[in-house]
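Trainee: can't give you the sequence, but here's the structure:
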């Protein structure tokens, strides 16, 4: 190989290296939201996209301790979500990472970067172009390449024909060289003869001018001169270099014809052989396409089967407008979560209550809420013990002893917000005790097992506070929170039954706790109205707990928000409200049985 070829090859490799370096995907290190599990949902994680792999850390500060997970993108499936414009999924085998960006443009940047790294890791990027692979025939060397080790047996015939082509080429090159040498020698000899003839003619002319007509000169006709020159006994002779006089033009022509015929035949054979190979590859391609079609059909079938089963862990099955879980499975999942919660109820103690606000705050900013509070307390007290029997819009949901639960079906914007009313009589406790344990934030976690965090936001007065609480997440529902004003007070009715105690909770907005995209904000309006019933003891004996009971009227209007199916909400309400009344009543009875009566 010549120096020029070497230099050209080096320059090509250098330019290719520079091009590859320029096209190398860039690294990305950013914080995204990653789906962790059905308990904690979406959490911020620090992700690193580098060298064809994707890794994540709990935070940027923990990168020095090692990643929590890493996947190779060589065979990854990167899918932007169909409905969530900020979400994209990265799947490798049976592992799927669910990720969310800040906005759709940010998602597109991540998807493009992931695809770029995938191409490099999978062998389709600039580092693995066609120039890296061995070819069957090298044009620059005009010889077979040994880089292809996967040749088929039929390839041997092609190699043999290519070798014959090499032989024919050598023969033609030798013939061309021989003919070119012969013609060059002829041209040189003719030029020499022409120069000698011209010199002789000039000498004859000079002699005629000096001496007149030559002696014994005879005029020779022109046609005789012409004939003597061309048809005379002495023909002109061309002197050739040694080795050229024996050149057989007829033999060379026959050899040339045979060589070209051999080339044509060999090329025809090569074409036929390549056609056969092409047909073979077409058949293989058809088989592979059929296998791919079957695999895609099987994959679609598996995905359809998977959608029929509520696989815990993925965000596609959680509550939402496009949830892959049906209503029956939704209810079963929530019911299972509630059953587990009941089993752990006795072990649930509050250690998550944040610091309470002890000082009273200026109620001026909450003046509109206080006016609304007075109106709602009056309304709850007025409607508390009115009979619902016979009213067409109220349905008797449950009747169990002294307990009656009523429901009225109402929907707002497609969301079930059925108002419920319940009446019950609890023995051994007073109205003040029932309302006290229901209102007191410090002890709420002892009986409210569905709440995860309770925070006293503001203390408006001794009997009115602003409370924020986060409810435990029950798969597949989204986590919910609520922010409400809670007030307890005694209301004098002026009748023979004595005063009533009222607890009123209703939703408000607060600048320190705006609505978060991680929770669905619940809107509520709840009233608990209680009256103490006393049976006078005989003979003026002191009143004991056996002589007292409490008549309860509980009214709840709750808008859960989100996309929980209506049938699931109504079924759960029918089950959970009576259970709540029974559990809470038993809790108060247990807390007060050995304590003085609090009227």
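Mentor: Nice, I can see it. Source: prediction; values computed, not measured.

Trainee: residue ranges of the helices in the stretch 301-450 of the chain, please?
Mentor: Applying DSSP state H, counting those that start in this stretch to the stretch 301-450 of the chain gives helices spanning 327-343, 367-383, 431-439, 444-447.

Trainee: ugh, wrong one, I meant the stretch 151-300 of the chain
Mentor: 154-211, 222-231, 249-307.

Trainee: and the ones you listed, which one is worst for confidence?
Mentor: Set side by side, these give their lowest mean pLDDT on helix 222-231, at a mean of 46.

Trainee: now the host helix or strand of residue 529 against helix 431-439, angle please.
Mentor: If you go by DSSP states H and E, residue 529 is part of strand 523-534. Strand 523-534 runs at 160 degrees relative to helix 431-439, counting by axes from the mean of the first three to the mean of the last three CA atoms, to 10 degrees.

Trainee: which helices and strands sit right next to strand 523-534?
Mentor: When contacts are defined as 3 or more CB pairs under 8 Å, 6 or more residues apart in numbering; DSSP states H and E, strand 523-534 sits against helix 367-383, helix 431-439, strand 480-491, strand 500-507, strand 548-559. (Each C-beta comes from the backbone N, C-alpha and C, glycine too.)

Trainee: what pairs with the fourth one, and is each one parallel or antiparallel?
Mentor: In the sheet containing strand 500-507, the strands it pairs with under DSSP bridges are strand 480-491 (antiparallel), strand 523-534 (antiparallel).

Trainee: got it, and the last one?
Mentor: Partner strands and pairing direction for strand 548-559 (DSSP bridges) are strand 420-427 (antiparallel), strand 523-534 (antiparallel).

Trainee: Give me the buried positions along whichever helix or strand comes after that strand.
Mentor: From strand 548-559 onward toward the C-terminus, using DSSP H and E, the following helix or strand is helix 566-592. For helix 566-592, a neighbour-count test (16 or more other CB atoms under 10 Å) marks 568-569, 572-573, 577-578, 580-581, 584-585, 587-589, 591-592 as buried.

Trainee: just checking, what packs against helix 566-592?
Mentor: helix 327-343, strand 395-400, strand 403-407, strand 415-416, strand 420-427, helix 431-439, helix 444-447, strand 548-559.

Trainee: tilt between it and strand 403-407?
Mentor: Using the same axes, to 10 degrees: helix 566-592 against strand 403-407 is 150 degrees.

Trainee: any idea of the mean pLDDT for helix 566-592?
Mentor: 88.

Trainee: can you give me the angle that helix makes with strand 395-400?
Mentor: Using the same axes, to 10 degrees: helix 566-592 against strand 395-400 is 40 degrees.

Trainee: what angle sits between the strand holding residue 529 and helix 367-383?
Mentor: 50 degrees.

Trainee: Now do the buried residues in strand 523-534.
Mentor: For strand 523-534, a neighbour-count test (16+ other CB under 10 Å) marks 523-533 as buried.

Trainee: contacting residues around residue 554?
Mentor: Counting by CB atoms under 8 Å, 6 or more residues apart in numbering, residue 554 touches 420-424, 526-529, 581.

Trainee: any idea how far it lies from residue 288?
Mentor: 68 Å (CB to CB, to the nearest Å).

Trainee: returning to what we had before: which one of the strands paired with strand 500-507 lies closest to residue 76?
Mentor: Among the strands paired with strand 500-507, the nearest to residue 76 by CB to CB is strand 480-491 (34.4 Å).

Trainee: Buried residues in that closest one, which are they?
Mentor: For strand 480-491, by 16+ other CB under 10 Å, it's 480-489.

Trainee: Distance to residue 111 and pLDDT added to those residues, as TSV?
Mentor: Converted to TSV, the buried residues of strand 480-491 look like this (distance: CB to CB, whole Å; pLDDT from 0 to 100):
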residue	distance to residue 111	pLDDT
480	31	90
481	32	93
482	37	94
483	37	94
484	41	94
485	45	93
486	47	94
487	51	94
488	54	95
489	57	93
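
Trainee: for those residues, which one is nearest residue 284?
Mentor: Set against residue 284, the nearest of these by CB to CB is residue 480 (57.3 Å).

Trainee: Quick check, that closest one in contact with residue 471.
Mentor: Yes: using CB atoms under 8 Å, residue 480 is in contact with residue 471, at 4.8 Å.

Trainee: Mutual contacts of these two, please.
Mentor: Joint contacts of residue 480 and residue 471 (CB under 8 Å, 6+ apart) are residue 522.

Trainee: How much space separates residue 575 from residue 252?
Mentor: According to CB to CB, residue 575 stands 107 Å off from residue 252.

Trainee: Same question for residue 464.
Mentor: The gap separating residue 464 from residue 252 is 120 Å, by CB to CB.

Trainee: what about those two, which has more around it?
Mentor: Between residue 464 and residue 252, counted using other CB atoms under 10 Å, the more crowded position is residue 464 (21 against 14).

Trainee: Run through the bridge partners of that one.
Mentor: Bridge pairing for residue 464 - DSSP bridges - gives residue 461, residue 487.

Trainee: check contacts around it.
Mentor: Taking CB under 8 Å, 6+ apart, one finds 370, 373, 485-487 in contact with residue 464.

Trainee: ok, now residue 598?
Mentor: Contacts of residue 598 (CB under 8 Å, 6+ apart): 430, 432-433, 436, 592.

Trainee: among the residues you listed, which ones are buried?
Mentor: By 16+ other CB under 10 Å, the contacts of residue 598 give 430, 432-433, 436, 592 as buried.

Trainee: Please tabulate these in TSV, including the columns distance to residue 175.
Mentor: Formatted as TSV, the buried ones among the contacts of residue 598 follow (distance: CB to CB, whole Å):
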residue	distance to residue 175
430	125
432	124
433	121
436	118
592	122
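
Trainee: Closest one of the residues you listed to residue 90?
Mentor: Checking these one by one against residue 90 (CB to CB), the nearest turns out to be residue 436, at 53.1 Å.

Trainee: my read: that closest one touches residue 488, true?
Mentor: Yes: shown here, residue 436 and residue 488 form a contact pair, counting by CB under 8 Å, at 7.2 Å.

Trainee: measure residue 461 to residue 300 for me?
Mentor: 63 Å.

Trainee: circling back: would a markdown table of the strands paired with strand 500-507 with distance to residue 160 be doable?
Mentor: Converted to a markdown table, the strands paired with strand 500-507 look like this (distance: least, CB to CB, whole Å):
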| stretch | distance to residue 160 |
| --- | --- |
| strand 480-491 | 79 |
| strand 523-534 | 86 |
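
Trainee: Sounds good, over and out.
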